[in-house]
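Undergrad: Generate coordinates for the sequence data below:
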Amino acid sequence: MSPGLELAGIGVRFGGLTALDDVSLTVPPGRIVGVIGPNGAGKTTVFNVICGFVAPHTGTLSLGGRPLRPKPHRLARAGIARTLQGVGLFAGLTLAENVMTGARARAGFVSSLLGAPWAARDERRLRTEALALLDSLDIARHADALPATLPYAIQKKAGLARALAARPRLLLLDEPAGGLGAEEIDELAALIRDLPSSAGTAVLLVEHHMDLVMSVCDEIVVLDFGRVVATGTPDRVRGEPAVAAAYLGTEAITPDGAALAPRDTRLAATGPADAAAGGATTRDATAGSATAGSATAGSATAGGTTAGDATTGGALVDGATADGAAAGGAAAGGRPPDPPPGGSGDGVVAIR
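TA: From the prediction side, this is the model:
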């Protein structure tokens, strides 16, 4: 079996910020590898490097044993397909037509455009393939519907079908569980688990839903501040002190490596004075992590778990839940908070 995706010593810098630092990972054919980490850890940057949107300053990429120098418009030819955090379907096309665009990425698009004699036959074949993919995801009955008329979960499935239509050697799943309910996530997990066995595809998954990651992945890579801090099977990664430190803060780790439940976590937006004093970003026994420009209490906030009180601009935010944080001007999804009344909005985030 030929090797799958290999990243070796990847480094990415944006000005003075190191987004990825000596990141290496391997995704063999027929395996599912998850990439997890707090907001700002570098997960999306890994995807953008693979897709050619970001050029690494150091390191090498290969797919199938050959050097990978992807260009965004040539991803399908390279054997790569990617789903998006959102849906990204074409609003004016039906679900079947959207899926057919994925198949056209590997088919004779030019001949279709020029009206070659075999174009009509290819069109019928592509539609048959699209309907089969939609049927495998149990949404074929919506094949001729426009995306806007359908529930979000069905649109997400259609996005997955479009990626699969390209018959990729490498499938990149970017937070596929986002916006889905518990039952829909269970269905998604079953679909993802079946992908490698049914198509021999290498799957790289970035996801914040830990139950999904732990249930479908053969191996997990943990990033923190752009570095790989742990790698291994789900059971091994679950017990790694470095993983608990990334999500809970170093002071939440006892000498024997056990993680303590954080208490009295306060999230405050601080201004330039604090930044000048070296308070750019701190993580002390926190429920999650804070990165510069991010006002989130990590997994505890995103999951709606109360983790003490959170404040922004001096105003108490509803028990550090995601909904409360959004209502109070803090961000549950890694977006910088709106400036408080009278504030400059150029502060940084500190967790105390």
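Undergrad: what comes up buried for whichever helix or strand residue 103 is part of?
TA: Using DSSP states H and E, residue 103 falls within helix 95-104. Within helix 95-104, the residues that count as buried by 16 or more other Cβ atoms under 10 Å are 95-104. C-beta coordinates here come from the backbone N, C-alpha and C atoms, glycine included.
Undergrad: And stretch 34-48, by the same measure?
TA: 34-48.
Undergrad: Out of the residues you listed, which is nearest to residue 89?
TA: residue 47 (19.1 Å; Cβ to Cβ).
Undergrad: tell me which element the closest one is part of?
TA: helix 43-51.
Undergrad: Surely residue 232 touches residue 220?
TA: Yes. At 6.8 Å, residue 232 counts as touching residue 220 under the criterion of Cβ atoms under 8 Å.
Undergrad: Neighbour count for the two, which is higher?
TA: residue 220 (25 against 15; other Cβ atoms under 10 Å).
Undergrad: what sits against the more buried one?
TA: Contacts for residue 220 were tallied using Cβ atoms under 8 Å, 6 or more residues apart in numbering; they are 33-36, 213-214, 230-234, 237.
Undergrad: So which of these belong to helices?
TA: Among these, DSSP state H puts 213-214, 234, 237 in helices.
Undergrad: Give me the buried subset of these.
TA: Buried among the ones in helices among the contacts of residue 220 (16+ other Cβ under 10 Å): 213-214, 234, 237.
Undergrad: Those residues into a markdown table, with extra columns for distance to residue 164 and pLDDT?
TA: Below are these laid out as a markdown table (distance: Cβ to Cβ, whole Å; pLDDT from 0 to 100):
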| residue | distance to residue 164 | pLDDT |
| --- | --- | --- |
| 213 | 20 | 95 |
| 214 | 23 | 94 |
| 234 | 24 | 94 |
| 237 | 27 | 92 |
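Undergrad: how many neighbours does residue 144 have?
TA: With other Cβ under 10 Å as criterion, residue 144 counts 10.
Undergrad: how far away is it from residue 93?
TA: 10 Å (Cβ to Cβ, to the nearest Å).
Undergrad: swap in residue 63?
TA: To residue 93, residue 63 is 29 Å away according to Cβ to Cβ.
Undergrad: The two: who's more crowded?
TA: Neighbour count, other Cβ under 10 Å: between residue 63 and residue 93, residue 63 has more, with 21 against 14.
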